[in-house]
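Chemist: Turn this into a model:
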Amino acid sequence: MKTLHLDADELDLNFDQCLKLANLAADHLLAQQGGAMLLSFWDDDRGLESPHGVSECHFQCPTPGWQDYAGNRGGVLMVNFGRGRFVFCYRPIND
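Modeler: Numbers count the residues shown, from 1 in each chain. Model prediction:
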């Protein structure tokens, strides 16, 4: 999975603001495949993942459950804010 690293710490963006930026970037980067579909995310500030509970079976695994979930469902792009603070995984709509 390719990763777009964005360092926006100086802007003090919250989760929702980062999600909007990630959606725009993913749609742009995957435009030739019909745009982007969000598959999973990690919110380190709140310790939240989506889908909920996917990391339970990944205890002590090198790959977090939310990342593995996306990778096994056609995920091709990860947008990573602040070195893992907020991470969003996408697949193309038309692959």
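
Chemist: Can you list the strands that the helix or strand hosting M37 pairs with?
Modeler: Taking DSSP states H and E as the definition, M37 sits inside strand 36-43. Here strand 36-43 is paired, per DSSP bridges, with strand 48-50 (antiparallel), strand 86-92 (antiparallel).

Chemist: Name the stretch among the ones you listed that sits most buried.
Modeler: Mean neighbours per residue, mean count of other Cβ atoms under 10 Å, is largest over the strands paired with strand 36-43 for strand 86-92, with a mean of 25. Every C-beta, even on glycine, is put in place using the N, C-alpha and C of the backbone.

Chemist: how about the longest helix anywhere in the chain: buried residues?
Modeler: Counting residues, the longest helix in the chain under DSSP state H turns out to be helix 15-29. Within helix 15-29, the residues scored as buried using 16 or more other Cβ atoms under 10 Å are F15, C18, L19, L21, A22, N23, A25, A26, L29.

Chemist: now swap in stretch 53-62 and tell me
Modeler: Those would be V54, S55, for stretch 53-62 by 16+ other Cβ under 10 Å.

Chemist: I'd like the average pLDDT over it.
Modeler: The average of the pLDDT scores along stretch 53-62 is 76.

Chemist: which regions of the chain sit below the pLDDT cut-off?
Modeler: Per-residue confidence for the chain (pLDDT under 70) gives these ranges: 57-59.

Chemist: Run through who's touching stretch 37-52.
Modeler: Stretch 37-52 has contacts (Cβ atoms under 8 Å, 6 or more residues apart in numbering) with 15, 19, 22-23, 26, 54-55, 64-67, 69-70, 73-75, 84-93.

Chemist: Revised request: answer the last question for stretch 69-86.
Modeler: 1-9, 13, 15, 18-19, 21-22, 25-26, 29-30, 36, 39-45, 51, 54, 63, 67, 87-92, 95.
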